[in-house]
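Participant: Fold the following, please.
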Amino acid sequence: MSEPLYDITVTDRKSFIKFLELLHQDYLTNESEWKNNTLDRFLEALPAYAKAIQAVYDNTNQDINADIPSWKVFADILRGTKIYE
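Facilitator: Presented below is the predicted three-dimensional model:
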């Protein structure tokens with residue numbers, strides 16, 4: 001089964017906007033799967049996941065430097081915050 005939120009490749013502003021639309025749709029459809037399903041919890045988890053994102057990249061053998069801003073890094077942080085504890 002394809003999961004659009006995880007299948008999209010974010011490379012530029014246009015694909016980031018599409019990602020944000022998919023993120024919103026995912027929340028509306030799968031709210032019970034979101035660990036951080038309130039604005040308060042999401043905003044609390046956001047900086048924590050932003051701090052952890054480099055370890056995620058390293059542990060999944062992705063050659064990405066999270067200190068270099070990109071549309072992909074921004075999307076990955078938002079996507080990860082959905083389930084970050």
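Participant: Go through the longest helix seen in the chain and flag the buried ones.
Facilitator: Secondary structure assigned by DSSP state H gives helix 39-59 as the longest helix of the chain. Neighbour-count burial for helix 39-59, counted by 16 or more other Cβ atoms under 10 Å, picks out 42, 45-46, 49-50, 52-53, 56-57. In short, each C-beta sits where N, CA and C put it, glycine included.
Participant: want to try TSV for the residues you listed, with pLDDT as columns?
Facilitator: TSV is the format used below for those (pLDDT from 0 to 100):
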residue	pLDDT
Phe42	97
Ala45	97
Leu46	97
Tyr49	97
Ala50	98
Ala52	97
Ile53	97
Val56	97
Tyr57	98
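Participant: Distance to Lys18 added to the residues you listed, as JSON lines?
Facilitator: Output for those, formatted as JSON lines (distance: Cβ to Cβ, whole Å):
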{"residue": "Phe42", "distance to Lys18": "20"}
{"residue": "Ala45", "distance to Lys18": "23"}
{"residue": "Leu46", "distance to Lys18": "20"}
{"residue": "Tyr49", "distance to Lys18": "21"}
{"residue": "Ala50", "distance to Lys18": "21"}
{"residue": "Ala52", "distance to Lys18": "25"}
{"residue": "Ile53", "distance to Lys18": "21"}
{"residue": "Val56", "distance to Lys18": "22"}
{"residue": "Tyr57", "distance to Lys18": "22"}
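Participant: Val10 reaches Leu20, doesn't it?
Facilitator: No. The pair Val10 / Leu20 is not scored as a contact, 9.6 Å apart, by Cβ atoms under 8 Å.
Participant: more crowded one of these two?
Facilitator: Val10 (21 against 14; other Cβ atoms under 10 Å).
Participant: Now do the SS call for the more buried one.
Facilitator: coil (DSSP: H, G, I helix; E, B strand; the rest coil).
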